[in-house]
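> Predicted coordinates and the sequence they were generated for:
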Amino acid sequence: MQKNLAKTNTSIGSVQNITLIAVIAAVYAAITFVIQPLAFGPVQLRASEGLNHLAAWHKRYIIALGLGVFIANLVSPLGWIDWIFGTMGTVIMTSITYLVTRRVKRAVTKIVISSVVVATIGMAILAAEFTLAFNIGASGAFPSGSNGGIFAQWLAYYLSVMPGEVASLIAGGIVIYALSKMIDLSK
Amino acid sequence: MNNIMIGRFVPGNSWVHRLDPRTKMIVTFVYIIVMLWANNWQTYAWTAAFVVALVKLTDQPFKLYWDGLKPIFWLILFTVILQLLFTPGTPILFSVGPFQVTVPGILNAIYVMVRFVLIILMSTILTLTTPPTSIANALESLLSPFKKIGVPVAELALMLAIALRFVPLLMDEMQKIMNAQKSRGMSFSTGGPIKRAKAIIPLLIPLFIGALQRALDLANAMEVRGFKDAVQRTKYRILSYQKIDKVAFTALIGFVIIFFVIKTWLHG
């Protein structure tokens, strides 16, 4: 298979790229559906989030993960809110991972950088989603000078999504590391 | 395992089922945006009435909507508690450590809970009456203006369609791998979080390798059949707006106008 992968054309529209992106997106969604103790909302644990590390190997995975999150969120009770924020959030954080790790060679370093990016920027966006959707403008809440109420709420969400995400990132990191030894993910 | 359904679509022939998926997506989108402007009980009552009417029109048992609320119960509870603790104002009812529970805090908590329920009900109406493939088609159509600024909408839509087709296949494959590992003495449902996370590794690696092989096979199959690019792809189902879509859009416009009339009028 390594030989086949090496042939992959890198333009976005090439057939292999299309099918690879689609199938990785499907892997993300399938993992979310099969292993789902708590896949939505704060205190979430999505095993599939561990796949975020893939973006450190190839920009193709940025789109794959965005689509995967979108499909997984098709069953989210929050509908549109999760579709937009979830997908955009994933695309933003994985793009950053890709850009930051472009020159990094070692798999472990890639995974560590990716974990930091996802845990800080990615989860900050997710926490912002909850803050924005449920709190801003609620009955004209948070009048000016509300003791940093918005920030406090954002922080509360942020801290609550963190443990599950870190667990997924560590488990995902081990899987992706093992995988990177078996196939060349950057091709 | 071949009949795994993704999404929460329930087939039916209700008025809402027959709407164009694009109509449903636009209505739910506009509704959620408008609802964020609600700021008193009258506007919330009006937005709630609109959703309840739509729920009635879907002809589905209320239990299905209740199921949509359940997985997100903790999120609702968490948010309500946050509202209770972080809303300043007077009169203060009592203090818990550094936090104060105030009357505006309680009002906020109630409004936020209502907002949650409305968002979930509206989203459930959409996912209950629209299969995921229709949502994907509708999205392609709705995003087509972005082609002009260079977004590869056709390619993305094709990827989404392939991915949706592969999800049940891969879920099936995961189940098979899990069974194979279980028969070798692996346990996926016992032990602490670390043990469980470790158990996922021997599940994901075969899944991944199998999936990559499938992707390459599919690419070959597509090329052999003369696939050139996603842009010139033809469709089996072509979306077209019908009379009931016009009715739905009229209802939406009516909803928005009355909403803002109530809102400005009551602020006089």
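Thanks, I have it.

> all contacts plus neighbour counts: C-alpha atoms, from now on.
OK.

> lowest-pLDDT helix or strand in chain A?
The helix or strand of chain A with the poorest confidence is helix A:2-6; it has a mean of 45 (mean pLDDT, DSSP states H and E).

> After it, which helix or strand is next?
As assigned by DSSP states H and E, the chain's next helix or strand after helix A:2-6 is helix A:15-34.

> elements contacting that following helix?
Using 3 or more Cα pairs under 8 Å, 6 or more residues apart in numbering or on different chains; DSSP states H and E as the contact criterion, the neighbours of helix A:15-34 among helices and strands are helix A:60-73, helix B:153-183, helix B:193-224.

> what sits against the closest residue to residue A:157 other than its chain neighbours?
In space, and not counting its chain neighbours, residue A:157 is closest to residue A:127: 5.2 Å by Cα to Cα, 6 or more residues apart in numbering or on different chains. For residue A:127, the set of contacting residues under the criterion of Cα atoms under 8 Å, 6 or more residues apart in numbering or on different chains consists of A:154, A:155, A:157, A:158, A:161.

> With residue A:131 as the reference, measure out to the second one.
Read that as residue A:155. With distances taken as Cα to Cα, to the nearest Å, residue A:155 is found 9 Å from residue A:131.

> Confirm the residue nearest to residue A:157 sits in a strand?
No: with DSSP: H, G, I helix; E, B strand; the rest coil as the criterion, residue A:127 is assigned helix and is not in a strand.

> Show me the domain layout of chain B.
B:1-130+B:238-268, B:161-237 (automatic domain parsing).

> Serialize those domains to a markdown table and add fields for mean pLDDT, mean neighbour count and distance to chain A.
Shown next, in a markdown table, are the domains of chain B (pLDDT from 0 to 100; neighbours: other Cα atoms under 10 Å in any protein chain shown; distance: least, Cα to the nearest Cα, whole Å):
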| stretch | mean pLDDT | mean neighbour count | distance to chain A |
| --- | --- | --- | --- |
| domain B:1-130+B:238-268 | 85 | 17 | 4 |
| domain B:161-237 | 84 | 16 | 5 |
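
> Including distance to residue A:178, could the ones you listed go into CSV?
As requested, these are arranged in CSV below (distance: least, Cα to Cα, whole Å):
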stretch, distance to residue A:178
domain B:1-130+B:238-268, 29
domain B:161-237, 8
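
> Can you name the helix or strand that the closest residue to residue B:21 other than its chain neighbours falls in?
On the basis of Cα to Cα, 6+ apart, the spatially nearest residue to residue B:21 that is not a chain neighbour turns out to be residue B:138, at 5.8 Å. Assigned by DSSP H and E, residue B:138 falls within helix B:132-143.

> That helix packs against which elements?
Contact here means 3+ Cα pairs under 8 Å, 6+ apart; on that basis helix B:132-143 packs against helix B:21-35, helix B:153-183.

> Can you tell me which of these is nearest to residue A:115?
Ranking the helices and strands packed on helix B:132-143 by their distance to residue A:115 (criterion: Cα to Cα) puts helix B:153-183 first, at 25.1 Å.

> Compute the distance from the centre of the closest one to the centre of its chain.
Averaging C-alpha coordinates over helix B:153-183 and over its chain gives two centres that are 19 Å apart (Cα atoms, centre = their mean, to the nearest Å).

> which residue packs closest to residue A:121, ignoring adjacent ones?
Closest residue to residue A:121 in three dimensions, ignoring its sequence neighbours and counting by Cα to Cα, 6+ apart: residue A:93, at 6.3 Å.

> Count the neighbours of that neighbour for me.
When neighbours are defined as other Cα atoms under 10 Å in any protein chain shown, residue A:93 has 24 of them.

> which residues are in contact with the one helix or strand it maps to?
Element membership of residue A:93, judged by DSSP H and E, is helix A:80-100. Residues external to helix A:80-100 that are found in contact with it (Cα under 8 Å, 6+ apart): A:52, A:55-59, A:62-63, A:65-67, A:69-70, A:73-74, A:76, A:113-114, A:117-118, A:121-122, A:125-126, A:129, A:133, B:28-29, B:123.

> buried sites along that helix?
Taking 16 or more other Cα atoms under 10 Å in any protein chain shown as the basis for neighbour counts, the residues of helix A:80-100 that come out buried are A:80-83, A:85-98.

> same check, this time on stretch A:154-165
If you call a residue buried by 16+ other Cα under 10 Å, then stretch A:154-165 has these buried ones: A:154, A:155, A:156, A:157, A:158, A:160, A:161, A:162, A:164, A:165.

> For the stretch 1-150 of chain B, which segments count as strands?
In the stretch 1-150 of chain B, the segments counted as strands under DSSP state E, counting those that start in this stretch are B:92-96, B:99-102.

> tell me what the longest helix along chain A is packed against?
Longest helix in chain A by number of residues, with DSSP state H as the criterion: helix A:149-182. Using 3+ Cα pairs under 8 Å, 6+ apart as the contact criterion, the neighbours of helix A:149-182 among helices and strands are helix A:107-117, helix A:123-134, helix B:73-86, helix B:193-224.

> Just give the closest residue to residue A:78, not the sequence neighbours.
The shortest distance from residue A:78 to any residue that is not its chain neighbour, by Cα to Cα, 6+ apart, is 5.4 Å, and that residue is residue B:120.

> Got the confidence number for the residue positioned nearest the centre of chain A?
When chain A is reduced to its mean C-alpha position, the nearest residue by Cα atoms, centre = their mean turns out to be residue A:90, at 4.3 Å. Predicted confidence (pLDDT) at residue A:90: the value is 93.

> Now do the end-to-end distance for stretch B:137-149.
For stretch B:137-149, the first and last residues are 20 Å from each other (Cα to Cα).

> That stretch: how far from the chain's middle?
How far stretch B:137-149 lies from its chain's middle: 19 Å, per Cα atoms, centre = their mean.
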